[in-house]
Structures are given as structure tokens and as C-alpha cells.
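Visitor: make a model of this:
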Amino acid sequence: MVRATQTEIEEAVEALRAGDLVVFPTETVYGLGANASNPAAVRKIFEVKGRPADHPVIVHLDNPRYLHRWVSEVPPLAEQLAAKFWPGPLTLILPKADHVNDIVSGGQDSIGIRVPSHPMAQQLLTAFGGGIAAPSANRYGRLSPTKTEHVREEFGEAIRVILDGGESPIGLESTIVSCLDNTVRLLRPGLITRSQLEQTVGELAQGGAAPRAPGDQMLHYAPSTPLEIVSSDEMEARAGEIAARQEKVAVLAMRPPLNTQRYMTWINAGKKADTYAHNLYNHLRTLDRAGCSRILVQELPQGERWAAILDRLQRASGVGMDMDDLELSAG
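Guide: Numbers count the residues shown, from 1 in each chain. Coordinates of the predicted model:
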């Protein structure tokens, strides 16, 4: 992975200390960062993204030893998860410290914390010496960025400092786990699966009340073009219906098309879950730019390795699933 130069890091740190926003890479997606201890700076994230004020942001740290600055307690089960998966693509929802501003927590008594593993994120966090609040660097509800060119497409010149770490290695947002009230609950699936979590802390809680968390809206991670999930058997027929009206149609599939059509743009994303996830947002951006009336996405296989991808596509289509239903369908 690419590392930033000392000059680039110094410029980013200066920007953060001045209350400005900085885009930086993580192993999941690119983040839009602000000094988490500066409420006015964090508020800029919401303004630039068009993000609702009650939607919490994740605070990124370079090391778990700084948790005590942000949380009132670290439950033993959370300690086990942190020891196993940090640094890495796991966000823990913990009881927040009293001094943490409501703009960070969305007005809740909890806070999301992550220790990313990307070396450039680690460089920035270590040099800055504090927490960086950072949701994904995109307009609210839209596709997350996995390259700096995606960030520039979204924001143009609005963000002055962008650290370029190349393509995001994972390409999907972190797994989010709530560790409140002596229970561990999966709020958003990611690369770290339910089975991996349960191997560490035992069976996770199902259902029940959960705090608001990033990416929990019914319509989220969405391209501008309407997106519809269809079965493999129906894809050609559904695409043919749209093309017959002389409307352009985009298809994200796990195989090549049986027949090519004049009005059809087809991407074969393959059958490997990790590769599909890595390329998902890039593929959807490509199809979104194709000027089509609809994006058709081939129904995904069963299995928890596909659960995070299914979650993002369900939300991109506006047809959300209950987390328990998602986990059941994922096996």
C-alpha cells in the first residue's frame, strides 16, 4: 500500500488543526475527516455531505489505548473484539464519555469507534495525535468512494486536502457492532462476518432496540439511477423489456450476457465475494454514468460472505431488509 510523504501528512494535520476537512484512505472506503474534538469542524462534514444532524459519525483512532478519551467504559466483550479485530474493518458502538459533543454521537449516549489498519490512515492519525471523525467521503446516501477520483466527482474543489492511497483494499464499509447494555449486536455487516464475531464473543443478540448507526437508512449507498435486483433467469428478459422501449439499461451480473443488445451496458462482476465487494461501488458508478433508465443487479448467492454486499444492494434499491432477516438469508 502507498504511504504519504511527510509533507502531505503535515499539510493534512495542519488542515485538521485549523478546523478544515481532510479526505483520507482507509482499508474500507475513503473517509471525510474532521477533528473529532472540534464541533464546528465536525459540523462541516454534515454541511458538505448534506447529512442529517441526528446521524452519528465514526471516530477513528490510531490505537485502542486512546479509547478512554472517548468512551465512559469498555465492556469486556468489546475488549475481546478490539483485541481480535483492531486495527481493522470493525466499528464498535460504546457508551460515550460525557464530554463528547452531540454532533459526533447524533445526540445519543453512544459513540462509534474504529481503529483502521490502512497505513496512510495510521500515518495521519498518529501525526495528528487525536480522534478524527470520518464518515465516507461522498454525498449523503450515495455510493461510497473507493478512489480519490470518486471523491473529486462528488465534491469538486470543495475539499482542499485529499490523501491518495490508491484503491480501497476492501471496498465496503466496516462491520458495525453495538456493545451496549451487556449485549453484542450486529448493526451493519461487513468483511468481518457474524460467525467470526461469534467465535470471539459467543452468540450475538438478535432483534431488540439498537442505536442509530451509519448506513442504517432504508435508501443508502445508492446510485442516481434506479436500481433493481432480479434473478439470473429474469435478467435478459427484464433488460430486453427496457431495451425494447429504446431505453438504455445497465446490468451488473455474475456472468456474461447470453446475447448483446444495442441499448444494454453489461458488467460481469464475477462470482468471488471479495472481488465483487472490492469492485462494487466502482462498477455501480460506471453504470450510473452510462445514462441508463435503470440498473439491474443479478440476485446474489446465499451465504454470509455475501451478506455485506447484499445489505448494500438492498439499501441501494430502496428495499431494505431487517438485520435478522438479512442474517437468516445469509445463512
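Visitor: just the buried residues of the helix or strand containing Leu197, please?
Guide: Using DSSP states H and E, Leu197 sits in helix 194-201. By 16 or more other Cβ atoms under 10 Å, the buried positions in helix 194-201 come out as 194, 197, 201. No exception for glycine: its C-beta is placed from N, CA and C like everyone else's.
Visitor: Val42 versus the first one, what's the distance?
Guide: The one in question is Arg194. Going from Arg194 to Val42 by Cβ to Cβ, to the nearest Å gives 31 Å.
Visitor: quick one: the helices in this structure, in order.
Guide: 6-17, 39-49, 76-85, 102-105, 119-128, 148-155, 194-201, 232-244, 273-288, 307-317, 323-330 (DSSP state H).
Visitor: deepest-packed of the ones you listed, please.
Guide: helix 307-317 (a mean of 23; mean count of other Cβ atoms under 10 Å).
Visitor: would you list the phi and psi of the closest residue to Gly106 other than its chain neighbours?
Guide: With Cβ to Cβ, 6 or more residues apart in numbering as the criterion, Gly106 has its nearest non-adjacent residue at 3.6 Å, and that residue is Pro56. Dihedral pair for Pro56: phi -70, psi 160, per degrees, to the nearest 10.
Visitor: leaving out chain neighbours, which residue sits closest to Ser37?
Guide: Gly130 (6.0 Å).
Visitor: counting neighbours, what do you get for the one you found?
Guide: 18 (other Cβ atoms under 10 Å).
Visitor: possible to save the helices of the chain as JSON lines with distance to Glu299 and mean pLDDT?
Guide: As requested, the helices of the chain are exported to JSON lines (distance: least, Cβ to Cβ, whole Å; pLDDT from 0 to 100):
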{"stretch": "helix 6-17", "distance to Glu299": "42", "mean pLDDT": "98"}
{"stretch": "helix 39-49", "distance to Glu299": "31", "mean pLDDT": "97"}
{"stretch": "helix 76-85", "distance to Glu299": "30", "mean pLDDT": "97"}
{"stretch": "helix 102-105", "distance to Glu299": "37", "mean pLDDT": "96"}
{"stretch": "helix 119-128", "distance to Glu299": "34", "mean pLDDT": "98"}
{"stretch": "helix 148-155", "distance to Glu299": "26", "mean pLDDT": "95"}
{"stretch": "helix 194-201", "distance to Glu299": "21", "mean pLDDT": "97"}
{"stretch": "helix 232-244", "distance to Glu299": "7", "mean pLDDT": "93"}
{"stretch": "helix 273-288", "distance to Glu299": "13", "mean pLDDT": "98"}
{"stretch": "helix 307-317", "distance to Glu299": "9", "mean pLDDT": "95"}
{"stretch": "helix 323-330", "distance to Glu299": "11", "mean pLDDT": "38"}
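Visitor: turn those into CSV, columns for distance to Pro64.
Guide: CSV is the format used below for these (distance: least, Cβ to Cβ, whole Å):
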stretch, distance to Pro64
helix 6-17, 21
helix 39-49, 22
helix 76-85, 5
helix 102-105, 18
helix 119-128, 12
helix 148-155, 28
helix 194-201, 15
helix 232-244, 44
helix 273-288, 26
helix 307-317, 23
helix 323-330, 26
